[in-house]
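**Student:** Sequence first, predicted model second:
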Amino acid sequence: MTSGQRKSIPGRPRSDTTRQAILDAALELVGEVGYPRTTVDGIAQRAGAGKQTIYRWWSGKAEVVLEALTSNAARAIPLPDLGDLRSDLYAFLRATFRAGRRAGIVPVLKALMAEAQLDEAFAEAFRTRFLEHRREALAQLLRQYPDQLRTSEAVALDVVFGALWYRGLVGHAPLNDALARELTDLLT
């Protein structure tokens, strides 16, 4: 085999259409019945895919839901470019909190955080594939305007995601535009 050739992988190639149907089905199902009652069988049935297809691509329910959440966040929360930190940060936080208010997302976040407390391997995947990606997206925005931030990047990230997780997990107050405005005012 030459360096330009790819090694053949047995089985059918991964279909992006099937993959997206599975990810959409996972988020829909968790939103409807909750994480504990969601099963790989249910996801497969909702997506019109075989259970064996899911297990070929993911190790189980938690991995499917994690990829669905990560993919959803990347689509739903673009990085704004409005010309100044205050405007960009507010737009980013509004989009983040609106995505969090989408039916079923907060329960998914809670369930995955709980799973991460019980399974060290999943905790690492959750941290690297979701949490760090979201933090890096905000860090990228903050780095565009280093002179407009009132605190360090690290503290700003902890303040934003600390508020998000605390409100999401405890549920004592909403993730809303008012919180986005207050955090923007605090950090810029």
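**Tutor:** Now that the structure is in, tell me what you want to look at. Remember, it's a predicted structure, so these values are computed and weren't measured experimentally. Residues are numbered from 1 along each chain as shown.
**Student:** how near is E153 to L109?
**Tutor:** Between E153 and L109 the distance, using Cβ to Cβ, to the nearest Å, works out to 23 Å. Where C-beta positions appear, they are placed from N, C-alpha and C, glycine not excepted.
**Student:** more crowded one of the two?
**Tutor:** Taking neighbours as other Cβ atoms under 10 Å, E153 and L109 compare with L109 leading, 19 against 14.
**Student:** show me the residues around the closest residue to L131 other than its chain neighbours that make contact.
**Tutor:** The spatial neighbour of L131 that comes closest, neighbours along the chain excluded (Cβ to Cβ, 6 or more residues apart in numbering), is F161 at 7.8 Å. By Cβ atoms under 8 Å, 6 or more residues apart in numbering, the contact set of F161 is L131, R134, R135, L138.
**Student:** immediately after the helix or strand where F161 lies, which helix or strand?
**Tutor:** Here F161 is covered by helix 153-170, with elements defined by DSSP states H and E. Using DSSP H and E, the helix or strand that directly follows helix 153-170 along the chain is helix 177-187.
**Student:** Give me the angle between that following helix and helix 153-170.
**Tutor:** Here helix 177-187 runs at an angle of 160 degrees relative to helix 153-170 (axes from the mean of the first three to the mean of the last three Cα atoms, to 10 degrees).
**Student:** Give the other helices and strands that helix 177-187 contacts.
**Tutor:** Packing contacts for helix 177-187, counted by 3 or more Cβ pairs under 8 Å, 6 or more residues apart in numbering; DSSP states H and E, involve helix 85-101, helix 153-170.
**Student:** what's the angle between the first one and helix 153-170?
**Tutor:** The one in question is helix 85-101. 30 degrees.
**Student:** which stretches of this protein have low pLDDT?
**Tutor:** Low-confidence segments of the chain, defined by pLDDT under 70, are located at 1-14, 103.
**Student:** all helices for it, in order.
**Tutor:** Counting by DSSP state H, the chain has these helices, from start to end: 16-33, 40-47, 51-57, 61-76, 85-101, 105-118, 120-126, 132-143, 153-170, 177-187.
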